[in-house]
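Asker: prediction below, plus the sequence it came from.
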Amino acid sequence: MSTFGRLRLDVENCLNELAAFGVARRVPGVPPRFGAARPVDEDSAILLDTFLERRAAISTEDQAPSVQRFREMIGRDEKMLIVFEWIRTAAKSDIAVLILGPTGSGKEVVARMIHELSRRGPEKFQAVNCAALPDTLFESEIFGFEKGAFTGAHDRKPGRLELADHGTLFLDEIGDLSLVAQAKLLRVLEDRRFERLGGQKSLQVDFRLISATNRPLDQFVRDARFREDLYYRVNAFSIRLPSLRERPVDIPVLANRFLARYCASNGLPLDAKTLSTEAMGRLQTYPWPGNIRELESTVSRAALSAPGRVIRDNDIEFLHAGVAMPVTDGPPRLPTLRDAERAHIVRVLDAVSWNKKEAARVLEISR
C-alpha cells in the first residue's frame, strides 16, 4: 500500500473510517497497518452487518453526480442511511415528494438523486428557487411567455414547466411562495395543463414534482399562510434531513472528506493538509447553523489560510466570531497580540477575496 501514491492515501482514508467505526483495527507504525476487529457482542454484529449492507447498496447504485455527492454526505450516523432508504423508495414512483430540512443540509442533492434514480432520470431536471421569485416574475418563469406578451418580450420563451416535460420540476423553498402564486401552481398540479403568458393555447405537461423547504409548512397552513389543498398535493411523501448538529459523530468524517476534496481540487496530495486534534474539537463543538454547506466552506477556508500542513485551532477561530458564547462568572478573556494580528489578517483576506498576493501588499509583508 505504500507504493501507490494517491491511491494509497484513498485506501488509507477508507481504512481509517472503518477503524473509527470499529470494523478494522489500526496498528501504529509508518506506514500504519490494519487488522480485523470483531464486534464484542451480537447486537454490535447486527448493527455492523446492517451498516455494511446499506453502504454496499449505495455503492452499487447508478454512479450519477448526485449519488456521488450524497455518498459524501453520509458518515457513521444511522439517520442518513435511513434517508437513503427513503430516497430509493421515492424513486420507485412518481409520487410528489416534500423534502424538509434546514438550510445547507443537502435538499437539492436529495431531489436530484430521486430524479436520477427514477424512470425519469434520463429527462431534464428543472430547479426553481421560489424564494427568489416574486409574483411579478412567477408566471413568466414557470409558464413561459409568448412574443409581445409584455414590454421586452421579443421572442417566445418556454417556462420551467414546459422544460420539465417528461422530467422533474424541483421547487426549492416552496414555503416562500405567495398565496397568489400558490393558487396558480395548484391549478397546474390538478389539470396538468397551462397557458404561456400572453398565449391562448392550452399546453399539457407530464412532470414529476419534488419540493423542498426549511419552513414549518404545517404551521403555515394553520396560520393561513400556505394553502391546505396545495400542502396535501406537494406532501404526498416527505423526507426529513437531519441537521449537522443532530449527528455530531459525522463531523470528523465529513471534515476529512472535505479536506481531501480541497486538496484534490487544488492539485495537492490528499494528505497535504490535516486537522489537528484541537481544531477538530472546535469543529465538533460548533453548532453549524449552515449545516454541511457551512462545514465544507469552513474546511476550505481553513485549508487556504493555514500557513503549514496542520490546520490548528487558531486557524478556524473565525467560526465563533458570530456565535453567542455562554456567559461565565469570571472576567472576560482579553485577546492576545497574536489573536489581534490573526483577526486583522483574516479581515484583510476577506476584503481582497482571499488573494494572498494582494493581502501581502495591503499588510506590507512578504508573501
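Answerer: Sure, I can see it. Residues are numbered from 1 along each chain as shown.
Asker: phi, psi of L275?
Answerer: phi -90, psi 130 (degrees, to the nearest 10).
Asker: check contacts around it.
Answerer: A255, N256, L259, L283, V299, A302, V310, I311 (CB atoms under 8 Å, 6 or more residues apart in numbering). Glycine gets a C-beta too; all of them are placed from N, C-alpha and C.
Asker: what's across from it in the sheet?
Answerer: Note on L275: beta-bridge partners I311, judged by DSSP bridges.
Asker: just the buried subset of the contacts of L275, please.
Answerer: In the contacts of L275, burial by neighbour count holds for A255, N256, L259, L283, V299, A302, I311, counting by 16 or more other CB atoms under 10 Å.
Asker: where does the most far-flung residue of the chain relative to its centre land on pLDDT?
Answerer: Distance from the centre of the chain peaks at Q200, with 40.8 Å (CA atoms, centre = their mean). pLDDT, Q200: 82.
Asker: list the buried residues for stretch 160-178?
Answerer: In stretch 160-178, counting by 16+ other CB under 10 Å, buried: 160-162, 164-165, 167-177.
Asker: so V188 makes contact with F194?
Answerer: Yes. The criterion here is CB atoms under 8 Å, and V188 meets it with F194 at 5.1 Å.
Asker: with neighbour numbers in mind, choose between these two.
Answerer: Per other CB atoms under 10 Å, whichever of V188 and F194 has more neighbours is F194, with 22 against 17.
Asker: is the more buried one in a helix, a strand, or coil?
Answerer: Secondary structure, DSSP: H, G, I helix; E, B strand; the rest coil: F194 is strand.
Asker: return the residues in contact with it.
Answerer: Residues near F194 by CB under 8 Å, 6+ apart: F143, G159, L161, R187, V188, S202, L203, V205.
Asker: just the buried residues of those residues.
Answerer: Here, 16+ other CB under 10 Å leaves F143, G159, L161, V188, L203, V205 buried among the contacts of F194.
Asker: ok, now how distant is V180 from E190?
Answerer: Distance, V180 to E190, by CB to CB, to the nearest Å: 17 Å.
Asker: and the gap between the residue positioned nearest the centre of the chain and V310?
Answerer: Nearest to the geometric centre of the chain sits G106, at 3.0 Å (CA atoms, centre = their mean). Using CB to CB, we find G106 at a distance of 29 Å from V310.
Asker: next one: N291
Answerer: Separation of N291 from V310 (CB to CB): 26 Å.
Asker: so, low pLDDT: which residues of the protein?
Answerer: Across the chain, the ranges flagged by pLDDT under 70 are 1-26, 29-68, 71-72, 148, 320-344, 346-356, 366-367.
Asker: repeat the analysis, applying 50 as the threshold.
Answerer: 1-8, 44, 47-48, 51, 60, 62, 323-333 (pLDDT under 50).
Asker: in the stretch 201-350 of the chain, which spans are strands?
Answerer: 202-204, 208-213, 237-240, 274-275, 310-311 (DSSP state E, counting those that start in this stretch).
Asker: what's the most buried one of those?
Answerer: strand 208-213 (a mean of 26; mean count of other CB atoms under 10 Å).
Asker: ok, that strand: who's next to it in the sheet?
Answerer: Partners of strand 208-213 in the sheet, by DSSP bridges, are strand 97-100 (parallel), strand 168-172 (parallel).
Asker: could you point out which element follows the shortest one?
Answerer: Following the chain from strand 97-100 toward its C-terminal end, the next helix or strand by DSSP states H and E is helix 107-117.
Asker: got the CA positions of that following helix in PDB?
Answerer: What follows is helix 107-117, C-alpha atoms only, in PDB (Å, rounded to 0.1, in the frame of the first residue of the first chain):
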ATOM      1  CA  LYS A 107     -32.100  19.100   0.000                       C
ATOM      2  CA  GLU A 108     -31.300  19.800  -3.700                       C
ATOM      3  CA  VAL A 109     -28.800  16.900  -3.700                       C
ATOM      4  CA  VAL A 110     -31.500  14.600  -2.400                       C
ATOM      5  CA  ALA A 111     -34.000  15.900  -5.000                       C
ATOM      6  CA  ARG A 112     -31.600  15.300  -7.900                       C
ATOM      7  CA  MET A 113     -30.800  11.800  -6.600                       C
ATOM      8  CA  ILE A 114     -34.500  10.900  -6.500                       C
ATOM      9  CA  HIS A 115     -34.800  12.200 -10.100                       C
ATOM     10  CA  GLU A 116     -31.700  10.300 -11.400                       C
ATOM     11  CA  LEU A 117     -32.700   7.000  -9.700                       C
END
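Asker: which residues sit against it?
Answerer: The contact list for helix 107-117, computed with CB under 8 Å, 6+ apart, reads 61-62, 64-67, 69-70, 73, 83, 87-88, 90-91, 97, 99, 101, 121, 125, 127, 167-168, 170, 172, 208, 210, 212, 214, 239, 241.
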